[in-house]
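Undergrad: Sequence and predicted structure, then a few things I'm wondering about:
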Amino acid sequence: KNEVEQSPQNLTAQEGEFITINCSYSVGISALHWLQQHPGGGIVSLFMLSSGKKKHGRLIATINIQEKHSSLHITASHPRDSAVYICAVRFRSGSARQLTFGSGTQLTVLP
Amino acid sequence: ETGVTQTPRHLVMGMTNKKSLKCEQHLGHNAMYWYKQSAKKPLELMFVYNFKEQTENNSVPSRFSPECPNSSHLFLHLHTLQPEDSALYLCASSQVAQTYNSPLHFGNGTRLTVT
């Protein structure tokens, strides 16, 4: 079965802390996306990965294909990083064209 | 500004009403999508249009009727909805439908409440 699991479900951090959000998936994928959803509902695409590591500002995304695992890191976290972070994958098999979404990680960064 | 605009932002409707959600993208993309996000649940794909043709209907009830008159506009017509249809409805677009290297661009969503 094609599944995507995120952890933790909720995360509270102090401003300046280093944050890690994890995503695991069940079978082979062609791509993994990290998305950010703000309280108003809009979703922004942060990264799309198929291997290795990508960095944009204070955000870093890594993926380990063998272990079927990806992490999203936020360095020097700030209250404006508070949002829901969603992992989504495109599996190689099954309904391969559809993205399968994780349940999201609610991040709250306190000043 | 994401390049994908959804209206209205909020909608309250009775179960016997007919209403429509609108989505417009200014990115020159060829694929458009409707997603449903219920409380505490992952996003669920509803419909996919690629070059104005519907390519996916993810077992969505017929009370939801999509329309894609051109590659820039997507509608979701709502009729005799149920309270459990209350959710955030998100529109997205991409260059081509659901290829592995075509990222999605989302609108801000329409928060629908069915009373």
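TA: All right, it came through fine.

Undergrad: Only C-alpha atoms from now on, for both contacts and neighbour counts.
TA: OK.

Undergrad: secondary structure class for the closest residue to chain A within chain B?
TA: Nearest residue of chain B to chain A: B:Asn108, at 3.6 Å (C-alpha to the nearest C-alpha). Here B:Asn108 is coil, with the state taken from DSSP: H, G, I helix; E, B strand; the rest coil.

Undergrad: I'd say it and B:Thr7 touch.
TA: No. If you go by C-alpha atoms under 8 Å, B:Asn108 and B:Thr7 don't touch, sitting 9.0 Å apart.

Undergrad: Comparing these two, which residue is more hemmed in?
TA: The neighbour count for B:Asn108 versus B:Thr7, taken as other C-alpha atoms under 10 Å in any protein chain shown, is higher for B:Asn108 (26 against 17).

Undergrad: check contacts around that one.
TA: Contact analysis of B:Asn108 by C-alpha atoms under 8 Å, 6 or more residues apart in numbering or on different chains lists A:Gly40, A:Gly41, A:Gly42, A:Ile43, B:Val4, B:Thr5, B:Gln6, B:Arg9, B:Leu90, B:Cys91.

Undergrad: sorry, back to before: could you report the distance from the residue of chain B closest to chain A to B:Pro69?
TA: Distance of B:Asn108 to B:Pro69, computed by C-alpha to C-alpha, to the nearest Å: 21 Å.

Undergrad: B:Glu24 now?
TA: Distance of B:Glu24 to B:Pro69, given as C-alpha to C-alpha: 11 Å.

Undergrad: Of the two, give the one with the bigger neighbour count.
TA: It is B:Glu24, of B:Glu24 and B:Pro69, that has more neighbours when counted by other C-alpha under 10 Å, with 21 against 11.

Undergrad: Which strands or helices does the helix or strand where that one lies pack on?
TA: Using DSSP states H and E, B:Glu24 sits in strand B:18-25. Applying 3 or more C-alpha pairs under 8 Å, 6 or more residues apart in numbering or on different chains; DSSP states H and E, one finds that strand B:18-25 contacts strand B:4-7, strand B:73-79.

Undergrad: which stretch among those strands comes nearest B:Ala31?
TA: Among the helices and strands packed on strand B:18-25, the nearest to B:Ala31 by C-alpha to C-alpha is strand B:73-79 (9.9 Å).

Undergrad: about what we covered before: tell me the strands beside the strand holding B:Glu24, with direction?
TA: Here strand B:18-25 is paired, per DSSP bridges, with strand B:4-7 (antiparallel), strand B:73-79 (antiparallel).

Undergrad: The helix or strand bottoming out on mean pLDDT in chain B vs chain A: in contact?
TA: Sorting the helices and strands of chain B by mean pLDDT, DSSP states H and E puts strand B:53-57 at the bottom, at a mean of 85. No. Judged by C-alpha under 8 Å from any C-alpha of the partner chain, strand B:53-57 and chain A are separated, with a smallest distance of 9.2 Å.
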